[in-house]
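**Student:** Provide a 3D model corresponding to the input given below.
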Amino acid sequence: MTSTTEGRPAETQAYIERVGYREPAILARLRAETATHPQAGMQIAPEQGALLTLLTELVGARRCLEIGTFTGYSSLAVALALPPDGVLLCCDVSDEYTRTARRYWADAGVADRIELRLGPAVETLDALLEAGAEDTFDLAFIDADKPGYPDYWERCLRLVRRGGLIVLDNMLFHGRGVSPAPGDESGSAIHAMNDAIAADERVSYVLLGIADGMTVARRR
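**Tutor:** As a prediction, this is how the structure comes out:
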């Protein structure tokens, strides 16, 4: 992931950071703490968080799904936009990384809106489908291992209701999704995912050039 849009002039980036979005203080603190993390590159950009917040509000979301949580920036951006009885289900494999997320969820007063399930996301999504959760989510955010995107996509298309949104991160993947090198499994997966979404008549979509590329798809 990249914290800014690649190739953007520094002056333009600074201007966007000043007037382009409102970042709650607790999100700014989480972003600053994550910047010291060895895997800080996995953090989404603040304008992406603001977009997730806005999309959550626009669809009147009450039930959301996240695949890939890391230290919790995106989940917190979504949870802060949910009503008090809203629910965000987060899927991740790392207890270590998500300890930071859980601390900030509690500090923000939204821990009661978030359920974290640790383990392979496909297993969690399949369990949701088996439990009858098809068509019950308003928004899903996918930001995890790139080879897993096709599996996450297909399951989210069943879990998200008609008119709901599926948002995917890293859809340019530092250019590796545009022209993947031979043997680049992750770059090839993103390239194939972009082609699949473009041909998928089940959704309306747009690939935005924000940060490392972000696709917003609406289930028809």
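**Student:** What's the local residue count around Ser186?
**Tutor:** Ser186 has 17 neighbouring residues, counting by other CB atoms under 10 Å. The C-beta positions use only the backbone N, C-alpha and C, and glycine is treated the same way.
**Student:** that's a helix at it, yeah?
**Tutor:** Yes: counting by DSSP: H, G, I helix; E, B strand; the rest coil, Ser186 is part of a helix.
**Student:** What is the burial count for the nearest residue to it once chain neighbours are set aside?
**Tutor:** Closest residue to Ser186 apart from its sequence neighbours, by CB to CB, 6 or more residues apart in numbering: Lys146 at 3.9 Å. Close neighbours of Lys146, defined as other CB under 10 Å, add up to 25.
**Student:** Straight-line length of stretch 69-85, end to end?
**Tutor:** Distance between the boundary residues of stretch 69-85 (CA to CA, to the nearest Å) amounts to 21 Å.
**Student:** so who does Ala133 touch?
**Tutor:** By CB atoms under 8 Å, 6 or more residues apart in numbering, the contact list for Ala133 reads Leu159.
**Student:** thinking again about what came up before, do you know the pLDDT at the residue nearest to Ser186?
**Tutor:** What the model reports for Lys146 is a pLDDT of 98.
**Student:** wait, isn't it in contact with Asn170?
**Tutor:** Yes: Lys146 lies in contact with Asn170 (CB atoms under 8 Å); the separation is 6.7 Å.
**Student:** which residues are common contacts for the two?
**Tutor:** Common neighbours of Lys146 and Asn170, counting by CB under 8 Å, 6+ apart, are Ile190.
**Student:** any idea which helix or strand comes after the helix or strand bottoming out on mean pLDDT in the chain?
**Tutor:** Every helix and strand of the chain was ranked by mean pLDDT, DSSP states H and E. The lowest is helix 10-19, at a mean of 92. As assigned by DSSP states H and E, the chain's next helix or strand after helix 10-19 is helix 25-34.
**Student:** Can you mark which positions in that following helix are buried?
**Tutor:** Across helix 25-34, burial judged by 16 or more other CB atoms under 10 Å covers 26-27, 30-31, 33-34.
**Student:** name the helices or strands packed onto it?
**Tutor:** Helix 25-34 sits against helix 46-58, helix 73-79, helix 95-108, with contacts defined as 3 or more CB pairs under 8 Å, 6 or more residues apart in numbering; DSSP states H and E.
**Student:** Take those and lay them out in TSV including mean neighbour count and mean pLDDT.
**Tutor:** Putting these into TSV (neighbours: other CB atoms under 10 Å; pLDDT from 0 to 100) gives the following:
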stretch	mean neighbour count	mean pLDDT
helix 46-58	20	98
helix 73-79	27	98
helix 95-108	17	98
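**Student:** Nearest to Val203, out of the ones you listed?
**Tutor:** For Val203, the closest of the helices and strands packed on helix 25-34 is helix 46-58, at 14.4 Å, according to CB to CB.
**Student:** Between helix 10-19 and that closest one, find me the angle.
**Tutor:** Inter-element angle recorded for helix 46-58 and helix 10-19: 40 degrees (by axes from the mean of the first three to the mean of the last three CA atoms, to 10 degrees).
**Student:** Show me the residue at the heart of this protein, geometrically.
**Tutor:** The centroid of the chain falls nearest to Phe141 when counting by CA atoms, centre = their mean (3.6 Å).
**Student:** My guess is that one contacts Asn170. True?
**Tutor:** No: Phe141 is beyond contact range of Asn170, at 11.7 Å (criterion: CB under 8 Å).
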